[in-house]
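**Student:** Here is the input, now give the coordinates:
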Amino acid sequence: MYLNKFTGAVGTVVQYSAQVQWSCVGLFRHMGFGVRHKRKDRARGTRDSMLWLVVVYWAWVKYGKMFRSQEMTRVRVYMERSCARETMFELAAMGEFEPRDLNDQLSLFQREYAADVRRCDEVLRKIRFVEGHLTEIVQPLDKNGQIAHAAFSAVPQEASDIRTSRDTAAISLDMVEKQFSEWESALISLNANDLALKQSMGRVVEFRTVLETVLDLFLQESRNAVAYEARRHVREAQPRGKLRATVANMLDPLMHPEPVLEAHESLQKGASVETFAPAFRLQGGGSLVSFVAGMVEADKRLAFERILFRTSRGNILTRFAPQLSELVDPSTGMPVQKVGFVVFCAGTQVKEKVYRICKSMGATAYNVPDDSDGQREALAKCAADIQDMEQVLERSGSQRQDLLLEVAACVSSWKHKVCAEKAVFHAMNFLNSDTSGVMYILEGWCPTRALDAVQTALVAGKKAANAQVSSVLEECGRGHESPPTYFVLNKFTSVFHSIVESYGVAEYQEVNPAPFLVITFPFLFAVMFGDIGHGVIMALFALFLIVWERRLLSRGAENLGEMLGTVFNGRYIIFLMGLFSIFTGFIYNELFAAPLDLFGTRWQYTGASDMACGIDNCANPAAVLPPLDPYPFGFDPVWKASQTGLLFFNSYKMKLSIVFGVSQMMLGLFLSAENARFFRRPLDFFFEFVPQVIFLCSIFGYLVVLIFLKWSIDWNAPGAMPAPDLKAILISMIMSPGNLSPDLVMFRGQGFVQNVLLLLALISVPWMLLPKPLILRSQHSKTRGYSALSVSSQQDDASSMAHDRDVEDNAEKGTPHDVADKGDQQPDAHDADVHVADHDVFDFGEVMVHQMIHTIEFVLGAISNTASYLRLWALSLAHSELSDVFLEKLLLASWETGKVLLIIIGCIMWLGATIGVLMLMESLSAFLHALRLHWVEFQNKFYNLHGNGRKFVPLVLDTPENELQ
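**Tutor:** The predicted structure is shown next:
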């Protein structure tokens, strides 16, 4: 009784061969759509609304622009050479014309407009070079979010005029090339000057640091010398014995460092040694002792000191600055940690060795004056030079900012212009000349509905070029070439179509699975991800992306990053996944794993039994009878706390997964029948579709019938037998036909029905395997030795000869549109003879092997694909159990403690686990499983069975630069 209300809804699945209708039944049935004022008419109004919904959806799928690709026509255009460029521009602006390459025997470098394409590549290289410097702009944005334009620098007047023009059509390629060449030269010059200035400034700053190090070191050494002189005067002034004076002279070098410098001035009476800073000079008047000062990297300090000591055998004194300095390396321009050093040595040979060691270790040595006055003068000169260089760099930076602001004002539109020119020149390389060399011949594909637009573009191109001869358009047969596949998409349907095209491009006018994915994909995802709270979070996030769509697109979708950009592109499918998750969450009655008692439970517990009974059917509590009036919508909340709740949920979800799987596979088979009917392939219909449907319905269709039959029987009625195991029935049907155990009987004549179904399943296997290859062999034997010319090839030759003779006459007469005869039009798409495979050499062995593989794949796939749909039950169970664990162990456990700190920590952990594990990882897992179900279990029944198609690639002006390579 509990599932009686679900039986009618799920029965719609079998009737319409799609699980979509089942979900819509529940949604509209319990939301009161179409409810009438009288209660007795409510069911009738709901049923009528449901039927209308199904009819509207099927009409959109069947007769919309996505059910089959657009009907394409192959056209040939004869145009004057002078209007070729303008005509190609008009066709590219139309955006629905794909040119064919008539010069495929020539390499790219041998074509007529190869030089123009290379020229556009060179201009694009300059644009990329200039664009790379736009990140250096520090100008704030104005109130409209645009860069505040500075005054234009001195540039040619024509460049200033086109820079202020918003019409990119008025800008010529020569102007763009000239302007960007000037900007590139200016930026290269500025970069070179800035680099030279920064390197010079780095050397000056490093030299200043060396001077400061030398001054500090010499100041300390001069103070040591003054102190030494003071001690010597004290010793001479105080009378001491000979022995005492000798001992004092021996201990003084040990107790005080021996000065490297000697005082230049005498110590005045009463002066302090710590504050006295006299002038200094090297000992010996500079004739014997000299020094080398410079900077070395901090990590090379120990090795540098060790090499100096070992090379000089200890005859060199090295002093380092007490602190490290972060400087810019003049040679590389990178920041580096360096330390100043001063090396004291005697003799010119030792000094040359020091210079060589500095060069080998990467240290920089500078010529520092020997006396303090010269060093202070050099330090003052460095400060003045640094100030001058900073002013020069500031003026150079201001000039760079002005230049980059000018570039930023128009680089986007100009780059679009160059890309459009390159696309047009690239397409013009496809053109071929007629025998006279006066006209160009263009062939291509366009939608049949766009023929008038193509003719309008030809007239507009002639008018723009002021050509004298009108272009001529004709429709020609497509021959053995299969037309490209073209679907009219929008921002909503494009994401579903991209999912389909990731599997493969559809064959021309083959049934497109994308319209069905609009409903089935988010629905199957929601079956695995059903939760009201999680669905609300997902839907709100996607709704935020949809509302802020324009603002995010204005900032550039490529700037969002790879992951966020992918999520943004799929915002509509994420929104639908969230809505369907809310719906299935109401079915499962789960809000963050907590049940909702919206309508009041229909069960109650009594003291007479440990099990609950229905509120309106509890006269005998020990009988544990279900309620007569079940819960109105979804599962009763009492099942969540029941000990048998998990078993009940598993049984329901497992059976429902099988129902959904078989329904979707049946839908795929019927779509394959639609393909066979449309393309007029009777062999595919009678010897593939029919036996496949019989095989699938005989086994798994019968299992679905048993599921609904088991749900519809009241097993609690007096005298009713225990409910049989459906798995045992299916195993017994296959393993022991004719022997049906009494405890497995569900209806009268079940054994006979099972034997008939099993016999049909066995017959369907050779039905799929043998007739089609044998019939193809028989047809090939009858036509052996005969080869008929195709109508399209005769028409192509005839039309080519006719137009070679008459194109000039037609042009002089001003004929704008020369339409071919009806026999020259594109053959009917339903005709199976247009396939290339029909003209190939027939190989019976290859056809037989292919059919054998196809038969084995379907028979085994019917079993494995049906079992694969059990992932709906498995992932739904995993999602529900994870939500229960996070709710009980993190949120409720912390709440029961009553401590505020633990409650806050538990809420944060629960929120992190919900967002990180369920909303990100679990949703991605459910998405991938839904993707696999559609690719492997659904689309392989009808999609790309005869090979991939070719995608329609129209000539457009906004083609990205990387697609033109």
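
**Student:** partner strands of the strand ranked longest in the chain, parallel or antiparallel?
**Tutor:** Secondary structure of the chain per DSSP state E: the longest strand is strand 335-346. Looking at strand 335-346 with DSSP bridges, its partner strands are strand 289-297 (antiparallel), strand 317-320 (antiparallel), strand 325-328 (antiparallel).

**Student:** Downstream of it, the next helix or strand is which one?
**Tutor:** helix 348-360 (DSSP states H and E).

**Student:** Can you show me the strands along this structure?
**Tutor:** Using DSSP E, strands in the chain cover 72-80, 98-99, 261-263, 280-282, 289-297, 317-320, 325-328, 335-346, 364-366, 432-433, 439-447, 472-476, 603-604, 613-614.

**Student:** For residue 722, find the nearest of those strands.
**Tutor:** Nearest to residue 722 among the strands of the chain is strand 613-614 (19.4 Å), distances taken as CB to CB. All C-beta spots, glycine's among them, are computed from the backbone N, C-alpha and C.

**Student:** Tell me where the model's unsure across the stretch 201-350 of the chain.
**Tutor:** Applying pLDDT under 70 to the stretch 201-350 of the chain flags residues 220-288, 330-333.

**Student:** The chain too?
**Tutor:** Ranges of the chain meeting pLDDT under 70: 1-64, 138-170, 220-288, 330-333, 555-559, 608, 784-840, 958-965.

**Student:** can I see the domain layout of it?
**Tutor:** 61-101+430-484+950-964, 103-154+169-212+381-429, 288-369 (the TED database).

**Student:** Tell me which of these is the most buried.
**Tutor:** domain 61-101+430-484+950-964 (a mean of 19; mean count of other CB atoms under 10 Å).

**Student:** ok, longest helix in this structure?
**Tutor:** helix 173-237 (DSSP state H).

**Student:** what angle sits between that helix and strand 289-297?
**Tutor:** Calculated by axes from the mean of the first three to the mean of the last three CA atoms, to 10 degrees, helix 173-237 forms an angle of 140 degrees with strand 289-297.

**Student:** before we move on, the earlier item: redo the strands paired with strand 335-346 as a markdown table? Include distance to residue 847.
**Tutor:** Formatted as a markdown table, the strands paired with strand 335-346 follow (distance: least, CB to CB, whole Å):
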| stretch | distance to residue 847 |
| --- | --- |
| strand 289-297 | 75 |
| strand 317-320 | 87 |
| strand 325-328 | 75 |
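
**Student:** I'd like to know which of those is closest to residue 126.
**Tutor:** strand 325-328 (29.7 Å).

**Student:** which outside residues touch the closest one?
**Tutor:** With contacts defined as CB atoms under 8 Å, 6 or more residues apart in numbering, strand 325-328 is touched by 198, 202, 205-206, 209, 295, 334-340.

**Student:** Relative to residue 481, which of those residues is nearest.
**Tutor:** For the contacts of strand 325-328, the nearest to residue 481 is residue 334 (58.4 Å; CB to CB).

**Student:** Mind listing the residues bridging to the closest residue to that closest one other than its chain neighbours?
**Tutor:** Spatial nearest neighbour of residue 334, chain neighbours left out: residue 328 (7.1 Å); criterion: CB to CB, 6 or more residues apart in numbering. Using DSSP bridges, the bridge partners assigned to residue 328 are residue 335.

**Student:** What distance do you get for residue 328 to residue 353?
**Tutor:** Residue 328 sits 29 Å away from residue 353, going by CB to CB, to the nearest Å.

**Student:** which of the residues in stretch 629-641 are buried?
**Tutor:** The neighbour-count criterion (16 or more other CB atoms under 10 Å) identifies 630, 631, 633, 634, 635, 636, 637, 638, 639, 640 as the buried residues of stretch 629-641.

**Student:** Stretch 933-942 too?
**Tutor:** Those would be 933, 934, 935, 937, 938, 939, 940, 941, 942, for stretch 933-942 by 16+ other CB under 10 Å.

**Student:** tell me the two of the contacts of strand 325-328 that are most distant?
**Tutor:** Farthest pair in these, by CB to CB: 198 and 339, 22.0 Å.

**Student:** that older thread, now render the domains of the chain as TSV, adding distance to residue 885.
**Tutor:** Below are the domains of the chain laid out as TSV (distance: least, CB to CB, whole Å):
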stretch	distance to residue 885
domain 61-101+430-484+950-964	41
domain 103-154+169-212+381-429	47
domain 288-369	51
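
**Student:** so which of those domains comes closest to residue 910?
**Tutor:** Once these are compared by CB to CB, domain 103-154+169-212+381-429 is nearest, at 39.6 Å.

**Student:** how far does the closest one stretch from start to finish?
**Tutor:** 8 Å (CA to CA, to the nearest Å).

**Student:** Please name the residues that touch residue 922.
**Tutor:** Contacts for residue 922 (CB under 8 Å, 6+ apart) come out as 529, 878, 879, 882.

**Student:** buried subset of these?
**Tutor:** 529, 879, 882.

**Student:** now, among these, which is nearest to residue 463?
**Tutor:** Compare each of the buried ones among the contacts of residue 922 with residue 463 using CB to CB and the shortest gap goes to residue 529, at 57.5 Å.

**Student:** can you give me phi and psi for the closest one?
**Tutor:** Note on residue 529: its backbone torsions stand at phi -130, psi 30 [degrees, to the nearest 10].

**Student:** pretty sure it is touching residue 582, no?
**Tutor:** No - Residue 529 is beyond contact range of residue 582, at 10.4 Å (criterion: CB atoms under 8 Å).

**Student:** shared neighbours of these two, which are they?
**Tutor:** Overlap of the contact sets of residue 529 and residue 582 (by CB under 8 Å, 6+ apart) consists of residue 535.

**Student:** re the thing from before, distance to residue 193 added to the buried ones among the contacts of residue 922, as CSV?
**Tutor:** Shown next, in CSV, are the buried ones among the contacts of residue 922 (distance: CB to CB, whole Å):
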residue, distance to residue 193
529, 61
879, 63
882, 63
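
**Student:** which one among those gets closest to residue 397?
**Tutor:** Looking across the buried ones among the contacts of residue 922 and measuring by CB to CB, the closest to residue 397 is residue 529, at 54.4 Å.

**Student:** one step back: for residue 456, find the nearest of the strands paired with strand 335-346.
**Tutor:** strand 325-328 (62.6 Å).

**Student:** what about dumping the CA coordinates of the closest one to PDB?
**Tutor:** C-alpha atoms of strand 325-328 as PDB (Å, rounded to 0.1, in the frame of the first residue of the first chain):
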ATOM      1  CA  SER A 325      73.000  44.100   2.000                       C
ATOM      2  CA  GLU A 326      70.200  43.300  -0.400                       C
ATOM      3  CA  LEU A 327      71.200  44.700  -3.800                       C
ATOM      4  CA  VAL A 328      70.300  44.300  -7.400                       C
END
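
**Student:** circling back: could you single out the nearest of the buried residues of stretch 933-942 to residue 315?
**Tutor:** Once CB to CB is applied, the member of these that ends up nearest residue 315 is residue 935, at 81.0 Å.

**Student:** could you measure that closest one against residue 503, distance?
**Tutor:** 5 Å.

**Student:** before we move on, what about residue 94?
**Tutor:** Distance from residue 94 to residue 503, by CB to CB: 30 Å.

**Student:** quick one on the thing from earlier: reformat the strands of the chain as a markdown table; add distance to residue 574.
**Tutor:** Formatted as a markdown table, the strands of the chain follow (distance: least, CB to CB, whole Å):
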| stretch | distance to residue 574 |
| --- | --- |
| strand 72-80 | 33 |
| strand 98-99 | 32 |
| strand 261-263 | 78 |
| strand 280-282 | 78 |
| strand 289-297 | 53 |
| strand 317-320 | 62 |
| strand 325-328 | 48 |
| strand 335-346 | 45 |
| strand 364-366 | 59 |
| strand 432-433 | 48 |
| strand 439-447 | 31 |
| strand 472-476 | 43 |
| strand 603-604 | 37 |
| strand 613-614 | 40 |
